[in-house]
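Colleague: mind looking at a prediction? Sequence and model below.
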Amino acid sequence: MAEGPADTVFEDCRYLTGSPQRFAVLAQLRERPARPTDLCDSVDATRTTIQRILAGFSERQWVVKRDGEYRLTVTGQRVFDRYRALVDEVERARAAGPLAAHLGSIAGELPADLLDPACLTTTSEQNPLAAINRFTDWMHEVEGDVRAISPIVTSVFNDAAVELLETGTHIEFIIDHSVLERSVSDFSDALERGLEHENINTYVHDTALDIGLALDRSRVCLAAYDDRNNVRAIAESDATAVYCWAETVFDQYKERSQPLAAVLPVQENNP
């Protein structure tokens, strides 16, 4: 069976992605025309390999040879630019994997800024507490009032909340019923504070929460949890678009929540 256009395009894509040296040659030619000897100096490949790569590019009309130098054609430039964008996106996907794999229903609306590797802190075998430690540091750096959503309760978070309340910070806090039950059994002091302290308003969401989110005056911190409620990654941003998105998310969750005082008596009366 003869190859069709789609097969030919696939082969061209496979050729380009077949070795990092091919991409490196395109990158050098994107900067300026060059002779094979120049490319040997800047690309980790033999002269024979460089010549083969240039022949493959010439066959596809991504490069042309003029006055002894190879230069990208306009289509070669576009191929490089699109491939560079793909490589960047794959790099971003790899870095953001621990975040992306543990987001719930908000994943489809996530601002792209939160997938920027520079915004991320992820756990690893070498540093399994990296994300939770950074989230704790974020809480200690809070400026202004705080709005937060959390699917877990820990003494670390409770202690951070106490410090904020002592400085006069106002907190709006959304939890779910599992967090409430754990608080009743293990963190009764924190639960009582959530009921009585004038600077904290706690709400209980009607379904299980699957993200953590915190906002202060200008910053956002998004936390992703695994099935065991371990923080796997956090993303931080102070971009205006991200902040507006986070405010909307918080308000949506709050609309589906009840004040703690309205829910707690029901919990306490359950056997």
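Modeller: Looks like it came in fine. Numbers count the residues shown, from 1 in each chain.

Colleague: and the strands in the stretch 101-250 of the chain?
Modeller: 120-122, 146-149, 171-175, 200-205, 211-215, 220-225, 231-237 (DSSP state E, counting those that start in this stretch).

Colleague: who does the fifth one pair up with?
Modeller: When you say that, I think you mean strand 211-215. Strand 211-215 has the following strand partners under DSSP bridges: strand 146-149 (antiparallel), strand 220-225 (antiparallel).

Colleague: what's the burial count for Val162?
Modeller: 13 (other CB atoms under 10 Å). All C-beta atoms are positioned from the backbone trio N, CA, C, and that covers glycine.

Colleague: chain center to the helix ranked longest in the chain, what's the gap?
Modeller: Of all the segments assigned as helix in the chain under DSSP state H, the longest by residue count is helix 74-100. Distance of helix 74-100 from the chain centroid (CA atoms, centre = their mean, to the nearest Å) equals 16 Å.

Colleague: and the helices in the stretch 101-250 of the chain?
Modeller: 130-140, 155-166, 177-186, 188-196, 240-255 (DSSP state H, counting those that start in this stretch).

Colleague: per-residue pLDDT, the spatially most central residue of the chain?
Modeller: In the chain, the C-alpha nearest the mean C-alpha coordinate belongs to Leu115, at 3.3 Å (CA atoms, centre = their mean). We have a pLDDT of 89 for Leu115.

Colleague: so what's it closest to, chain neighbours aside?
Modeller: Nearest-residue entry for Leu115: Ala96, 4.4 Å, with adjacent residues in sequence omitted and distances by CB to CB, 6 or more residues apart in numbering.

Colleague: wait, Tyr225 sits on Asp210?
Modeller: Yes. Taking CB atoms under 8 Å as the definition, Tyr225 is a contact partner of Asp210 at 7.0 Å.

Colleague: contacts only, for the residue nearest to Leu115.
Modeller: 115, 117, 120, 233, 235 (CB atoms under 8 Å, 6 or more residues apart in numbering).
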